[in-house]
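Chemist: got a sequence here, can you build the structure:
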Amino acid sequence: MADTPGPIRVLLVDDHQVVRRGLRTFLEVQDDIEVVGEAADGEEGVARAEELRPDVILMDVKMPGTDGIGALRELRGRANPARVLIVTSFTEQRTAVPALRAGAAGYVYKDIDPDALAGAIRSVHAGHVLLQPEVAATLLAQDEQGTAPGRAGTLTDREREVLALIADGRSNREIARALVLSEKTVKTHVSNILMKLDVSDRTQAALWAVRHGITD
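Modeler: Residues are numbered from 1 along each chain as shown. From the prediction side, this is the model:
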């Protein structure tokens, strides 16, 4: 008999105790989500992430000491596999692009409906990139002001297929199965895509794909 998947293990990183307490209270009633720890700043968040190895980290941006973006960069440097969902205030929309470039898998505001937040956690855990409409609009506006959509022309047809599946949250194994390729070949395609798009990870490649119409 196959093992039943365990709950999504979540780490809360926010300098306001009342926010962490509120998030924990809500998330603890979700059958498929387990809060495994808390941290009050980015430095502590990185340490706890290394210790606890959560599936998803809910991270604020503005914190004393090491902020959320600094913590994201540190986690990426350590190759920590946790998916990071930024949960921040509406006034910090300007930090969306730096956060996503640093490796965030999603960006939502603290006034998000609680059920929508639970859905966002499930979504990023499944490998998807999640943005609130205002953030997506900011990214699209940046493209209109001079980001280079012409990079899509450097991708081969196969690389575009692989990129679309990356944006759909598929793993290399799932992409290999869908396109009838070896995982080694898929890995090579992914490396070429990252190089051609001048992005550093799959999350940024997925965002690029969405912004430029490679996928819905």
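
Chemist: which strands or helices does the helix or strand in which Arg73 is found pack on?
Modeler: Using DSSP states H and E, Arg73 sits in helix 68-77. The contact analysis (3 or more CB pairs under 8 Å, 6 or more residues apart in numbering; DSSP states H and E) places helix 68-77 against helix 42-52, strand 56-59, strand 83-88, helix 96-101. No exception for glycine: its C-beta is placed from N, CA and C like everyone else's.

Chemist: please state the offset of it from the chain centre?
Modeler: Here the centre of helix 68-77 is set off from its chain's centre by 12 Å, with CA atoms, centre = their mean, to the nearest Å.

Chemist: same question, stretch 173-187
Modeler: Worked out by CA atoms, centre = their mean, stretch 173-187 lies 22 Å from the chain centre.

Chemist: any idea how far Asp41 is from Asp201?
Modeler: Going from Asp201 to Asp41 by CB to CB, to the nearest Å gives 24 Å.

Chemist: what's the most buried one of the helices and strands packed on helix 68-77?
Modeler: Highest mean neighbour count of the helices and strands packed on helix 68-77: strand 56-59, a mean of 27 (counted as mean count of other CB atoms under 10 Å).

Chemist: one step back: now distance to Ser171 and mean pLDDT too, for the helices and strands packed on helix 68-77, in CSV please.
Modeler: Formatted as CSV, those follow (distance: least, CB to CB, whole Å; pLDDT from 0 to 100):
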stretch, distance to Ser171, mean pLDDT
helix 42-52, 21, 96
strand 56-59, 16, 96
strand 83-88, 13, 92
helix 96-101, 21, 80
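
Chemist: out of these, which gets nearest to Arg21?
Modeler: Of all those, strand 56-59 sits nearest to Arg21, with 13.0 Å by CB to CB.
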